[in-house]
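In: Got a predicted model here, sequence first, then my questions.
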Amino acid sequence: MGTFGTSRLEKTILFVCVENAGRSQIAEGFFRKYAPKGWSPVSAGTRPTPEINPFAIEVMKEVGIDISRQNPKELSENIIKKSVLSINMGCMGKAECPAVFLGRYLDWNIEDTKSKPIEKVREIRDIIETKVKELCKILEQ
């Protein structure tokens, strides 16, 4: 029996970035929508902010996904251990780069949404959606 009453068959993908305020939250929202049966997402950051980037929430609403109830979470050993695979969204500063703490991970090297205009956040959202869909196709095999 899992710690949270979840099935042992459920597999988790972890999306990480430093602040867990934009890219990783967007990826979590898309993965929740597109994930194959038995897969679930979680996102976290090495230095999470108090809230999600408002532009990230807005651009996801534009595509029919509500991430406003998601919360930035601190990356922990427990979260890493419960994940089958970690996706590092991309690092700007190496000192706080989540990849330093991860075992098996993919690095998507996606530009940060922080301090970007909403038009740029839309572009980043679309890149993340494409990558999440590609990941889901691989997981379905």
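Out: Arrived safely.
In: all contacts plus neighbour counts: C-alpha atoms, from now on.
Out: OK.
In: elements contacting the worst-scoring helix or strand of the chain on mean pLDDT?
Out: In the chain, no helix or strand scores lower on mean pLDDT, DSSP states H and E than strand 105-107, which sits at a mean of 87. Counting by 3 or more Cα pairs under 8 Å, 6 or more residues apart in numbering; DSSP states H and E, the packing neighbours recorded for strand 105-107 are strand 83-88.
In: in the strand it packs on, what counts as buried?
Out: By neighbour count on 16 or more other Cα atoms under 10 Å, the buried set for strand 83-88 is 83, 85-88.
In: which residues are contacting it?
Out: 11-17, 80, 98-99, 102-109 (Cα atoms under 8 Å, 6 or more residues apart in numbering).
In: now swap in stretch 103-120 and tell me
Out: 22-23, 53, 55-56, 59, 85-91, 99, 121, 124, 127-128.
In: again with stretch 32-39
Out: 9-13, 40-41, 132-133, 136, 139-140.
In: Distance from the chain centre to it, please.
Out: 13 Å (Cα atoms, centre = their mean, to the nearest Å).
In: same question for it, mean pLDDT?
Out: In this model, stretch 32-39 has a mean pLDDT of 96.
In: Mind listing what's buried along that stretch?
Out: 32, 34-36, 39.
In: all strands for the protein, in order.
Out: Ranges of strands in the chain, per DSSP state E, are 11-17, 39-45, 83-88, 105-107.
In: Having no further points to raise, I will conclude here.
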